[in-house]
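A.B. asks: kindly return the folded structure for what I paste below:
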Amino acid sequence: MNFHIMTLFPDMIHDVLGTSIIGRAAQKGILHIQAWNIRDYAFNKHSSVDDYPYGGGAGMLMQAEPVYQTYRAILDTCRMKEKSPRVVYLSPQGKTFNQKMAEEFSKEEELILLCGHYEGIDERVLEEIVTDYVSAGDYVLTGGELPAMMMVDAIARLVPGVLHNDVSAEFESFQDNLLEYPQYSRPEVWHGRQVPPILLSGHHANVEKWRREQSVIRTAKFRPDLLTGADLTLEEERLAACLREGEIGP
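C.D. replies: Residues are numbered from 1 along each chain as shown. Modelled structure (predicted):
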């Protein structure tokens, strides 16, 4: 999968995404991540890409042309010539990024992420090239780089071959709209806290049943909003309802 990140700070992208699991996947050729410096496509000798907004107001605005020329340069490198790739603008205007969106984007061969700065980007180029508006959450950041890198990480790990064990991408937080069950490793007793005996039983069916129950319990306690989209059995629905009503202690 090819990620193209349009940014004013390409070093920031390379420094983070060139490490750990994502970096190793890129080295193996499973992923291709390129940060495109929008300043390289500025049309003045100072390589400035911002200007005052019409109508006044605080701050500066990223101009349309450098962003558009960066986009055109990316298109020239894309292998899929019959259709334009999706362009995601990181903006509070968009829908909040979630696991379902990560799964959807992971099916793309080419994906462009546009990082804004200053007071935003000239609306005309957004209308021209952007296909998706995505938000990292209801808060304000200084730029779109951090949300873009978060998205790349979440999406890339769903690409076959990126994780050492592909199964781990399937059974984790937000699978079936449930949070992940608690996990334990050695030693068996730590600071007086015992690993749940069921995990030491060797009975795989009982272990899986316990893990599923714990996922429901944890979701009902910490993210009850997720349960509306979860596929629960009648027994699990009753358990979640009891937790919401406080009939079962922590």
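A.B. asks: ok, and what's touching stretch 75-87?
C.D. replies: Contact partners of stretch 75-87, identified using CB atoms under 8 Å, 6 or more residues apart in numbering, comprise 2, 4, 71, 74, 105, 108-114, 129-132. C-betas here are computed from N, CA, C, even on glycine.
A.B. asks: how about the nearest residue to Pro85 once chain neighbours are set aside, what does it touch?
C.D. replies: Spatial nearest neighbour of Pro85, excluding adjacent residues (CB to CB, 6 or more residues apart in numbering): Glu110 at 3.8 Å. The neighbourhood of Glu110, defined by CB under 8 Å, 6+ apart, consists of Met1, Asn2, His4, Cys78, Arg79, Met80, Pro85, Arg86.
A.B. asks: now Glu110: how far from Gly161?
C.D. replies: For Glu110, the distance to Gly161 (CB to CB, to the nearest Å) stands at 18 Å.
A.B. asks: identify each buried residue in the longest helix belonging to the chain, please.
C.D. replies: Determined from DSSP state H, the single longest helix within the chain is helix 204-222. Along helix 204-222, these residues count as buried under the neighbour rule (16 or more other CB atoms under 10 Å): Val207, Trp210, Arg211, Arg212, Gln214, Ser215, Val216, Ile217, Arg218, Thr219, Ala220.
A.B. asks: so what's the closest residue to the fifth one other than its chain neighbours up against?
C.D. replies: By the measure of CB to CB, 6+ apart, the closest residue to Gln214 outside its immediate chain neighbours is Tyr181, 4.0 Å from it. Tyr181 makes contact with Trp210, Arg211, Arg212, Gln214, Ser215, Arg218, according to CB under 8 Å, 6+ apart.
A.B. asks: could these be laid out in JSON lines, adding distance to Asp153 and pLDDT?
C.D. replies: Converted to JSON lines, the contacts of Tyr181 look like this (distance: CB to CB, whole Å; pLDDT from 0 to 100):
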{"residue": "Trp210", "distance to Asp153": "30", "pLDDT": "97"}
{"residue": "Arg211", "distance to Asp153": "25", "pLDDT": "95"}
{"residue": "Arg212", "distance to Asp153": "27", "pLDDT": "95"}
{"residue": "Gln214", "distance to Asp153": "26", "pLDDT": "96"}
{"residue": "Ser215", "distance to Asp153": "23", "pLDDT": "94"}
{"residue": "Arg218", "distance to Asp153": "23", "pLDDT": "94"}
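A.B. asks: now, which of those residues sits nearest Val195?
C.D. replies: Among the contacts of Tyr181, Trp210 lies closest to Val195 (CB to CB), at 12.0 Å.
A.B. asks: hmm, the closest one is touching Val195, no?
C.D. replies: No. Taking CB atoms under 8 Å as the definition, Trp210 is not a contact partner of Val195, at 12.0 Å.
A.B. asks: which residue is nearest the centroid of the protein?
C.D. replies: With distances taken as CA atoms, centre = their mean, the residue of the chain nearest its centroid is Met151 (2.8 Å).
A.B. asks: can you tell me which residues contact that residue?
C.D. replies: By CB under 8 Å, 6+ apart, the residues touching Met151 are Val88, Leu90, Phe97, Ala102, Phe105, Leu113, Val134.
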